[in-house]
Every structure is written in C-alpha cells, then in structure tokens.
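Visitor: would you be able to build a 3D model of this:
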Amino acid sequence: MNTLLVYQSYGSEDGYTQTLYSILTALAFAPKKVEVHLYTDNPSAFRVITNQVYFHNLTQETIKQWRGVHDFTHRLKIMMLLNLHEQFAQNPILYLDGDTFFTQNYEQILNRITDKSILMHMKEYFIATHTTGQMKRFRKNMRRLTFQGMPINLDIYMWNAGVIGFLPVHIPILRRVVEFVDEIYPQYPKHIIEQFAVSYFFQREYDIQSCDTYIKHYWSQKLQYTSTIQSFLSQSEDITTLLSMIQKEGVVSPTDIPKRKWWQKWFSKK
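Guide: Residues are numbered from 1 along each chain as shown. Below is the predicted model:
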C-alpha cells in the first residue's frame with residue numbers, strides 16, 4: 001500500500017518555491033510505494049511536476065473553512081490531513097511543511113510509522129523546564145486554562161511538527177487536536193498552540209519517532225535557503241534533469257548563513 005506524502009502551499013511565491021523543491025527531493029529519493037499529494041491554490045506554480053503529483057484544489061472558500069472561525073493558519077494543516085484520510089482511508093500519510101527537504105532515500109523512516117508509533121521531525125525541548133521567555137509566558141498562560149474542564153499537563157516534550165507521519169489508527173488524535181485548537185486558541189491565540197497540541201496528544205498515547213537525519217527543516221533560515229533554491233530551479237524546467245541533479249549533486253546548502261536573533265527566528269516560523 002502506498003504511503004501518501006502530502007503538502008499544502010497557498011498564497012505565497014516563496015512558499016511555492018520551497019514546496020516545489022521539497023517535492024523534487026521527495027521524488028528524487030523516493031522508495032517504492034510512495035505518491036505525492038499537493039493541496040494548492042496555484043497548480044501552475046508546480047507545472048514542472050504536473051505528471052508526478054496528485055493535485056487537490058485549495059479554494060479560498062476551503063481555506064477559510066479549514067482555518068476556522070478564528071482564522072488560525074495551522075488549523076488548516078490538520079483539517080487537510082483529515083480530508084486526505086477521508087479520501088484514502090487505508091493509507092499511511094506523511095505530512096511535510098514546504099520548508100523541508102529530503103536528504104537521502106527515506107524508506108527507513110516510513111518503517112517507523114506503526115500502530116504504536118508516529119513520526120515527527122525532532123524533539124525540541126521539555127516544556128515544563130525550558131528557560132526561554134517564550135516558554136515561561138506559554139506556561140503561565142496554559143496553567144490558567146483548561147481543556148474540556150481538565151488541567152493541561154505541561155510535563156511533556158515539544159516536538160517539531162514540520163513533519164507528521166501517521167496511520168489510520170491515529171486519526172482520532174488529529175480530531176482531538178482540532179478540538180483542542182478550537183477551544184484553546186481563542187483564549188491564547190499563538191501559533192505554537194497547534195504544535196503543542198500535536199505533541200501533547202500523540203505522546204500521551206504513542207511513541208514518537210524522529211526523522212531529522214533524513215529531512216531538513218530550515219524554518220529559521222528561510223531567506224537563505226529560498227534564495228539558493230531559486231538559483232537551483234532556474235537551471236532547468238525539465239523534471240528529469242532536476243531530479244538527476246539532486247541525485248548526483250545532493251541537496252542545496254547555502255554557503256553563508258549568518259546567525260539570527262531569537263526574534264528573527266520566531267517571526268520567520270509559521
């Protein structure tokens with residue numbers, strides 16, 4: 001049975017560029033039994049991969065509906081995953097943010113998605129003790145809230161949610177994430193709520209496996225990587241040539257990535 005790789009990309013030229021490159025690496029390093037699905041409002045931005053990808057039309061009406069009454073960007077991601085599952089109820093699904101790319105054949109990480117374990121990018125920090133100002137504010141606000149009348153346990157790890165791999169058996173967790181987002185986000189409208197919810201509910205019931213040695217997530221270095229990716233894509237519009245270049249030369253790597261302030265990283269993160 002095929003594993004479905006799924007992406008979302010709408011409303012941003014840089015986002016189209018990043019997602020196109022990520023999909024190219026997914027195709028270049030793909031093991032057998034993998035197919036790529038893309039939800040987008042602009043299929044023409046991906047014309048070079050038209051015959052390699054299953055496109056899903058992301059209309060403005062759908063975007064508004066999936067972002068919900070509070071217009072939360074990251075709610076759309078979870079609703080999209082539920083939508084794909086409704087169409088392919090038996091298939092494993094691997095979601096990736098557009099600002100990611102594969103660095104090698106990834107068959108091994110697909111095998112880490114089991115009834116007892118899901119896949120996320122990497123473990124970032126322990127929420128209860130992380131010392132940044134952001135986490136101190138997060139803990140202060142979350143401790144005053146409840147979810148469905150119950151306290152929210154902060155003694156968990158925060159995982160990077162730029163990658164989420166799961167099976168049909170895990171779908172109830174994603175529905176739980178939507179319930180949490182819809183209740184908590186209006187009271188504490190921060191983007192981190194979705195990342196926390198995915199980390200929170202999955203690790204309560206399942207083992208989480210990392211995949212950061214196979215997938216690069218460059219959310220804090222988007223400007224540098226996007227520029228380098230644009231230069232790479234400008235070399236050809238032929239899919240065979242681009243895939244061959246990735247396979248032979250490896251993935252892009254900006255030569256000059258200056259260190260960024262914490263606030264620059266925060267505001268560049270989706």
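Visitor: element containing the residue nearest to residue 113 when sequence neighbours are not counted?
Guide: Using CB to CB, 6 or more residues apart in numbering and skipping residues adjacent in sequence, the residue nearest residue 113 is residue 165, 4.5 Å away. Using the backbone N, CA and C atoms, a C-beta is placed for each residue, glycine as well. Element membership for residue 165, per DSSP states H and E: strand 163-166.
Visitor: give the other helices and strands that that strand contacts.
Guide: strand 93-96, strand 117-120 (3 or more CB pairs under 8 Å, 6 or more residues apart in numbering; DSSP states H and E).
Visitor: helix or strand right after the last one?
Guide: Following the chain from strand 117-120 toward its C-terminal end, the next helix or strand by DSSP H and E is strand 123-126.
Visitor: packing partners of whichever helix or strand comes after that next one?
Guide: As assigned by DSSP H and E, the chain's next helix or strand after strand 123-126 is helix 133-142. Using 3+ CB pairs under 8 Å, 6+ apart, the elements in contact with helix 133-142 are helix 192-205.
Visitor: quick revisit: mind listing the strands the strand holding residue 165 pairs with, and their directions?
Guide: Sheet pairing of strand 163-166 (DSSP bridges) gives strand 93-96 (antiparallel), strand 117-120 (antiparallel).
Visitor: so which of these is nearest residue 236?
Guide: With CB to CB, the closest approach to residue 236 among the strands paired with strand 163-166 belongs to strand 93-96: 23.1 Å.
Visitor: what helices or strands is the helix or strand just after that closest one leaning on?
Guide: Moving toward the C-terminus from strand 93-96, the next helix or strand (DSSP H and E) is strand 100-102. Identification of packing neighbours for strand 100-102 by 3+ CB pairs under 8 Å, 6+ apart yields helix 13-28, strand 215-217.
Visitor: can you give me how far the next helix or strand after strand 100-102 is from the chain middle?
Guide: Going down the chain from strand 100-102, the next helix or strand is helix 107-110, by DSSP H and E. Chain-centre distance of helix 107-110: 17 Å, with CA atoms, centre = their mean, to the nearest Å.
Visitor: okay, now the unreliable bits of the stretch 151-270 of the chain?
Guide: For the stretch 151-270 of the chain, the stretches with pLDDT under 70 are 255-270.
Visitor: just to revisit the earlier point, could the helices and strands packed on strand 163-166 be laid out in TSV, adding distance to residue 19 and mean neighbour count?
Guide: What follows is the helices and strands packed on strand 163-166, written out as TSV (distance: least, CB to CB, whole Å; neighbours: other CB atoms under 10 Å):
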stretch	distance to residue 19	mean neighbour count
strand 93-96	9	24
strand 117-120	19	23
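Visitor: re the thing from before, tell me which of the helices and strands packed on strand 100-102 sits nearest to residue 234.
Guide: helix 13-28 (10.5 Å).
Visitor: so what touches that closest one?
Guide: 5, 7-9, 34, 36, 38, 40, 42, 45-46, 48-49, 52-53, 96-103, 222, 225-226, 229-230, 232-233, 242-243, 246-247, 251-252 (CB atoms under 8 Å, 6 or more residues apart in numbering).
Visitor: next: stretch 136-156.
Guide: Here stretch 136-156 makes contact (CB under 8 Å, 6+ apart) with 126-128, 179-180, 183-184, 187-188, 190, 192, 196, 199-200, 203-204.
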